[in-house]
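>>> Sequence and predicted structure, then a few things I'm wondering about:
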Amino acid sequence: MLTAKEIRESFKTFFKSKGHQIVPSAPMVVKDDPTLMFTNAGMNQFKDIILGHKDPQWRRATDSQKCLRVSGKHNDLEEVGHDTYHHTMFEMLGNWSFGDYFKHEAIDWAWEFLVDVLKIDPKNLYATVFEGYAPEGLERDNEAASFWEAHLPKDHIINGNKHDNFWEMGDTGPCGPSSEIHIDLRDEAEKAKVPGAELVNKDNPLVIEIWNLVFMQYDRHADGSLHPLPAKVIDTGMGFERLCMVMQGTKSNYDTDVFQPMIKTIGNLAGVKYGDSADKDVAMRVIADHVRAIAFSIADGQLPSNAKAGYVIRRILRRAVRYGFTFLNLKEAFMYRLVDTLIESMGAAYPELPAQADLIKHVIKEEEDSFLRTLATGIKMIEGIIEETKKAGKNQIQGVQAFTLYDTYGFPLDLTELILKENGMTVSEEEFNAEMAKQKARARNAAQTETTDWVNLREGNTEFVGYDLMECDTEILRYRKVTQKNSSYYQLVLSRTPFYAEMGGQVGDKGTLTAGDDVVEVTATKRENNLPVHIVKKLPADVNATFKAVINKEARMAISCNHTATHLLHAALRQVLGTHVEQKGSMVDASMLRFDFSHFKKLTLEEIRKVEKVANQMIRRATPLEEHRNMPIAEAKALGAMALFGEKYGDKVRVVKYGDSVELCGGTHVPNTGNIGFVKILSESSIAAGIRRIEAFTGYAAECYTWDLEDVMLSLRQLLNNAPDVVSAVAKSLNENNSLQKQVDAYVMESAKLVRNDSYKNASDISGIRVLKIYGYMDPEVVKSAVHMVKSDAPENTILLAATRLQGKPMLTIYISDDLVKKGFHAGKMIREAAKAIQGGGGGQPGFAQAGGKNEEGISMAMEKMEQLVAAEA
C-alpha cells in the first residue's frame, strides 16, 4: 500500500516524465491580491499567466498546492468533520498547459496515471462532460466525450450541467467546460443494487469526484458574452486526501495516514478512542482538519485576528477549540500540543512547518487561552439570560440574544443550543437566522463592486521603469470603469510607468499623467492579478494621446527611506536579539514605517536603543545600494539573502543589499543609506504570541518627532518656572501633591465619619426598615466614603439614601443591606426612577447604585421619591 508521501511524489514524477516542470507550492495565504485571501485552487499562482498579464516561464507545469476553502464560493467550513471528505486545508495535485497541449493529452494522461500507474480498477471510474447550455449557445463537449470513449464505456460517460461542468474564474475572465473523474468505492453488493452512474454528483460519500480537468477556451466579458481565448489552458486539480483514501482502501479521508496519526494524538489527549462515539468522532475529525489549516496559515505569515484573512483563521481555530471543549472535555489549551504530530507527517514536504514550530505553537496557545476565556464569559452570560427568561415564565430565549453572543463575543449557536437544552430551553433559530441574514446583506452591500470590460487601445504589457526613473513618456494600453458604493473611478494600464504598484507592504505611488494642458491626477497605484493599475477619478480628454507620467517625487523619497529603514532595522534586530528574528510583515508609506518580526518577549529599553544605534550607524556609513536584478535565486541565497516563509519567489529575483543587510525585495529604495537621515523607533509592542511590532519615523518625520519632544520639554520647563533640573522639579511637585492629597483624604474620612454618625442619629423607620438619610451640599467622595463605612458596619435591615449636590451638580446614592437585597430590593432599579426628579439617569447593582443629573433643585423631590420607593417595596 502506498503511503501519502509516496502518492504525492508519484504524481509529480509522472507529469515530470511528460515534460512538466515541477514547481513548489505557492503560500496558502495570498498577498498583494485584493480579490483573494487564500489560495483555494492550484491555478491561483498562475492567474497572471492565464489572464495574459505575464508570459509563462514553462508551457507545462505540475505541483502539489496547499489550499484553503472556508468562505465565499467554496464555503465548506460547516461540513468539515461531519462527512468523510470535506476539508478546510487540503492539497491539490495539478498539471497545467499554457497554450501547449489540450483536451486529448489531458484526458489520456489522467487515465494513464490512475489506471496504469496507480492500478485503479477502471470499472469503478466515471467521467462527466459538459452537456451544453442553450441560453449561451454552448453545445455539449463532444470533443472531450470522444476522447473518453477511448477509455470508458458510454454508460460511464455522464453529462454534467453548467453548475458542475463549466468552470469560471469569476464573473468575467477565462472559463470553459470541465470533465470530472469520479470513483465508486462501494462494495459489489451495493453496486449491484444501484449503478454508480446514478450516484455521480449526488453527494454519496462513496461515489466521489477525485479529479477535475478544466479546459479553458473562452473569455467571458462583462456583458456575459463568450469569446475564444487566444491561448487555451489546461488546469487540472485532484484532491490529494481523496486519492489517498482510494489508494489505501479506506472509506474516509480521515482513515488514511494523512490524518490517523493526528487523530490518535487527539484521542490520547482526550482519553477517548476514535470510533466509539459519533459526536466524539466528529470533534476529532474537526480538530485534525483544522489544526492543519491553522498551522500552515501561521507558517505563511497570517496570524489570527479580527479582520479579513486573520478572522477566517480565528474562526477555524475557535471552531476546533469549541468541539474539543464541548465533546472531548478539553477545557484547557490543547491544539498547540498537536503541532509536533503535524510536523512528523508533513514537515518533510513543507519545511516551513518545522522551521517555525515554536512560533506556530506560541500563537495557537495564546489564541486558545483567549477563546477559552471568551467561552467562560459567554457561559456566564447565557446563565444570566436563562435566569431572566425563566423569571419571565418562558422557555425560549430570543434569537437576537443568541446572535449578540455569537457576533459580539464569538459564542457559537450550537453551543448556546447545547447549554439551553441542558436547562430545558430552546432558542428562536428563525430570529437568529434573520439577524445573520441582515449581517450578510450589510457585508454584501458594503463590498459590492461593478466593473466594466477592459477597453483595449493597444497590445502589450506594462514596463516598470520606476527603479531608475521618476517620470517617463507613456501611452494607455487599456482602461475600465469601476463603480463602488455609488462612486466611480477608472483603472488605467500604461505601456511604461514609473509608478510603483502597491505590493509587499509598500504603498503605491501617486502623481500625474499630462498631455498638453490636460492633467489627470493618479490617486493610487494598485496591483490586480500582478497587473499594475493606475487609479484616476476621470479619464484623460484623449485616451489615445502620449502622456508624461510623473510620480510625486517627495513622497517617493520618503517611502523609499522608510522601506530601506525596515531592511536596516531587520538586520539590527537580528544582530541585537539573535538570528531567530525574521520579518513577519511590514507597512511603509510616506509618513512612517511599521515592521513586524518574530521574537518571544518584549524588548527592553536598552535593547530598543541598541537596535536604533546599530541601524543609525548603518545610515551614517552612507552605504550605497547594491542592487541585483533578475539574479538566480540560488545565487541570491549564496550572497546571503534570506527567503522569507510565506513569500512566493520565482527562479529570478531582485536582491537589495546595503552592507550586511541583504534582502529579496521588489520595493523602491534609497540610493544611499545616508539619504535616510536617521531612524527613530516610536513604539514596540506585541501583536500576537511570538510576534512583535516596531513603528518608526525616518528623515523629516523623525526630525518633526524630536522637535515635538523638545516643545514638550520646553513647555514643561516653563510650567516649573524654568527649573534647570526638570526631573527634580517634577519629583518635588509630585511629592508636594501627594502630601496635600493625604491631607484631603484625611479630611474626607473625618467628614464621612461625621456624616455617617449623623445618619445613624437621625435614622427613620419605613415599614420596619431602618432608613439612613444624607442630604445637602456635600462632596460625592464624602458620601461614597460614608456609604463604605456603613457597609463595613455590616448592619441588617438597613437602607441608606443620599441626595446631595456640589457646584450645581446633583447626585443620588442608595445603599441596601444584603439581607434586604435577598428579599428583592434593588438599588439600581430604584435609583433610575428617583433620578427623573433631577433630570438624570444612572444605575448599578442591587446593593449599591448612584445617579447624576442636571437639576439640583430637584434633590428634595428625589429624596421623597426614594423614600416612597422603599415604602412600596417593603
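All right, it came through fine. Residues are numbered from 1 along each chain as shown.
>>> going forward, measure contacts and count neighbours with C-alpha atoms only.
Will do.
>>> Can you name every helix or strand that whichever strand or helix holds residue 770 contacts?
Element membership for residue 770, per DSSP states H and E: strand 769-777. Packed against strand 769-777 by the contact rule (3 or more C-alpha pairs under 8 Å, 6 or more residues apart in numbering; DSSP states H and E) you find helix 726-761, strand 764-766, strand 798-806.
>>> Would you mind writing the CA trace of stretch 604-621 as CSV?
Extracted in CSV, the C-alpha atoms of stretch 604-621 (Å, rounded to 0.1, in the frame of the first residue of the first chain):
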residue,chain,number,x,y,z
THR,A,604,13.8,46.3,26.9
LEU,A,605,14.5,50.0,26.6
GLU,A,606,18.2,49.1,26.4
GLU,A,607,17.6,46.6,23.5
ILE,A,608,15.5,49.2,21.6
ARG,A,609,18.3,51.7,21.9
LYS,A,610,20.8,49.2,20.8
VAL,A,611,18.7,48.4,17.7
GLU,A,612,18.4,52.2,17.0
LYS,A,613,22.1,52.6,17.5
VAL,A,614,23.0,49.8,15.0
ALA,A,615,20.5,51.0,12.4
ASN,A,616,21.7,54.6,12.7
GLN,A,617,25.3,53.6,12.4
MET,A,618,24.4,51.8,9.1
ILE,A,619,22.7,55.1,8.0
ARG,A,620,25.7,57.2,8.9
ARG,A,621,28.1,55.0,7.0
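>>> Doesn't residue 275 belong to a strand?
No. Counting by DSSP: H, G, I helix; E, B strand; the rest coil, residue 275 is not found in a strand; it is coil.
>>> Can you give me every residue that contacts it?
By C-alpha atoms under 8 Å, 6 or more residues apart in numbering, the residues touching residue 275 are residue 281.
>>> repeat for residue 376
Residues near residue 376 by C-alpha under 8 Å, 6+ apart: none.
>>> and it, how far is that from residue 409?
As judged by C-alpha to C-alpha, to the nearest Å, residue 376 and residue 409 stand 11 Å apart.
>>> cool, and residue 317?
15 Å.
>>> repeat for residue 178
Distance of residue 178 to residue 409, given as C-alpha to C-alpha: 43 Å.
>>> Likewise for residue 448?
Residue 448 sits 27 Å away from residue 409, going by C-alpha to C-alpha.
>>> Show me which of the two is the more surrounded one.
Using other C-alpha atoms under 10 Å, the more surrounded residue of residue 448 and residue 409 is residue 409, with 14 against 11.
>>> need the contact list for that one.
By C-alpha under 8 Å, 6+ apart, the contact set of residue 409 is 374, 378.
>>> what about residue 663, which SS state?
Assignment for residue 663 (three-state DSSP): strand.
>>> Could you find the closest non-adjacent residue to it?
Leaving aside its chain neighbours, residue 663 sits nearest to residue 641 (4.9 Å; criterion: C-alpha to C-alpha, 6 or more residues apart in numbering).
>>> picking that back up, tell me which of the helices and strands packed on strand 769-777 is the most buried.
strand 798-806 (a mean of 23; mean count of other C-alpha atoms under 10 Å).
>>> Show me what the next helix-or-strand element following that strand is packed against.
Going down the chain from strand 798-806, the next helix or strand is strand 809-816, by DSSP H and E. Using 3+ C-alpha pairs under 8 Å, 6+ apart, the elements in contact with strand 809-816 are strand 798-806, helix 827-834, strand 848-852, helix 859-873.
>>> What strands line up against strand 809-816, and which way round?
Under the criterion DSSP bridges, strand 809-816 sits next to strand 798-806 (antiparallel), strand 848-852 (antiparallel) in its sheet.
>>> closest to residue 34 out of those?
Ranking the strands paired with strand 809-816 by proximity to residue 34 (C-alpha to C-alpha) places strand 848-852 first, at 50.0 Å.
>>> Off-centre distance for stretch 682-696?
How far stretch 682-696 lies from its chain's middle: 18 Å, per C-alpha atoms, centre = their mean, to the nearest Å.
>>> Spit out the contact partners of residue 803.
For residue 803, the contacting residues are 774, 775, 776, 810, 811, 812, 813, 859, 860, 862, 863, by C-alpha under 8 Å, 6+ apart.
>>> Relative to its centre, which residue of the chain is most distant?
Distance to the chain centre peaks in the chain at residue 761, reaching 63.5 Å (criterion: C-alpha atoms, centre = their mean).
>>> how near is that residue to residue 717?
Residue 761 is 53 Å from residue 717, where distance means C-alpha to C-alpha.
>>> hang on, the earlier thing: rounded mean pLDDT for the helix or strand following the strand holding residue 770, please.
Per DSSP H and E, the first helix or strand lying C-terminal to strand 769-777 is helix 780-792. In this model, helix 780-792 carries a mean pLDDT of 91.
>>> Which elements pack onto helix 780-792?
Taking 3+ C-alpha pairs under 8 Å, 6+ apart as the contact definition, the neighbouring helices and strands of helix 780-792 are helix 726-761, strand 798-806.
>>> hmm, back to that, rebuild the contacts of residue 803 as a markdown table, extending it with distance to residue 162 and pLDDT.
Putting those into a markdown table (distance: C-alpha to C-alpha, whole Å; pLDDT from 0 to 100) gives the following:
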| residue | distance to residue 162 | pLDDT |
| --- | --- | --- |
| 774 | 80 | 94 |
| 775 | 80 | 92 |
| 776 | 81 | 89 |
| 810 | 72 | 94 |
| 811 | 71 | 94 |
| 812 | 71 | 95 |
| 813 | 71 | 94 |
| 859 | 75 | 92 |
| 860 | 78 | 93 |
| 862 | 73 | 94 |
| 863 | 76 | 94 |
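>>> are any of those buried, and which?
Among the contacts of residue 803, the ones that count as buried by 16 or more other C-alpha atoms under 10 Å are 774, 775, 810, 811, 812, 813, 859, 862, 863.
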